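1. using only what follows, build the 3D model:
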Amino acid sequence: VSQSRYYTPDTEIIKGKRHVPDYIMDGIVVTTLGPQGNALYRVVGQKLIHYEDDASSEINQPIARRFHPTKPPITVRSDKGFLNGEMTILDMVGNANLTRPAQIATATQAGSARLLMSSQKFTVLMNEDIVKTNLPVVLEQGLSVMTSQEGAIFDNVQQKLTMIGQVKGRIESDNKGGGR
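-> So this is what the prediction gives:
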């Protein structure tokens, strides 16, 4: 039996079960909780199709938001989402974008303009708080715009964005005192 990332009902059988939906829900909200009961991730979607054989789910029009106690929230949207059975990897496919709101400067940290990252696919590593792609990506922050044809990795915990390969664009200062 091959182990491909996405399955079709006639080609994949795992443990004698076909990869067919066992339930479908409209207007879903899935929240993953931390050890103290705090919300870590919330995934909202128009429709969820769940598959019994591997516990994976397909989500129409997903919106995923990561809540972190000390970091700004990030929101990732796309046309389709594919959540693995362990609820640790969410592939966001088609018109994918990541946003992080503008951050106000504090005594210990500089402010930053709103961040928008766009691609055709993002992989959200839910436990690591990382969003990545190996496809072309556009990054906009304030007046700055950067592009890469080979992808990017956004680490929300470290507040670090790494663009991969040859990067092109412009970096402009924001004279309002908040961003780069």
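
2. ok, now which ones touch the residue sitting nearest the centre point of the chain?
-> With distances taken as Cα atoms, centre = their mean, V124 lies nearest the centre of the chain, 4.0 Å away. Counting by Cβ atoms under 8 Å, 6 or more residues apart in numbering, V124 touches 64, 76, 89-92, 130-131. No exception for glycine: its C-beta is placed from N, CA and C like everyone else's.

3. hmm, try it at 6 Å
-> Counting by Cβ atoms under 6 Å, 6 or more residues apart in numbering, V124 touches 64, 76, 90, 131.

4. repeat for E140
-> E140 sits in contact with L116, where contact means Cβ under 6 Å, 6+ apart.

5. next one: P72
-> Going by Cβ under 6 Å, 6+ apart, P72 touches 100-101, 103.

6. pull out the buried residues from those residues.
-> 100, 103 (16 or more other Cβ atoms under 10 Å).

7. save the contacts of P72 as a markdown table, and put in secondary structure, pLDDT and distance to V29 too.
-> A markdown table is the format used below for the contacts of P72 (DSSP: H, G, I helix; E, B strand; the rest coil; pLDDT from 0 to 100; distance: Cβ to Cβ, whole Å):
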| residue | secondary structure | pLDDT | distance to V29 |
| --- | --- | --- | --- |
| R100 | strand | 91 | 21 |
| P101 | coil | 91 | 21 |
| Q103 | strand | 84 | 27 |
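
8. low-confidence stretches in this structure?
-> 1-16, 174-180 (pLDDT under 70).

9. buried residues in stretch 63-71?
-> 63-66.

10. kindly check the end-to-end length of that stretch for me.
-> When the termini of stretch 63-71 are compared using Cα to Cα, to the nearest Å, they are 19 Å apart.

11. who's in contact with it?
-> Here stretch 63-71 makes contact (Cβ under 6 Å, 6+ apart) with 39, 41-44, 73-77, 90, 124, 129, 156.

12. check stretch 28-40 too.
-> In contact with stretch 28-40 (Cβ under 6 Å, 6+ apart) are residues 41-45, 48, 67.

13. and for stretch 94-107?
-> 72, 74-80, 111-119, 121-122, 131.

14. quick one: buried ones out of the residues you listed?
-> 74, 76-78, 80, 112-113, 115, 117-119, 121-122, 131.

15. with secondary structure added, can I get the residues you listed in TSV?
-> Formatted as TSV, the buried ones among the contacts of stretch 94-107 follow (DSSP: H, G, I helix; E, B strand; the rest coil):
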residue	secondary structure
I74	strand
V76	strand
R77	strand
S78	coil
K80	strand
S112	strand
A113	coil
L115	strand
M117	strand
S118	strand
S119	strand
K121	strand
F122	strand
V131	strand
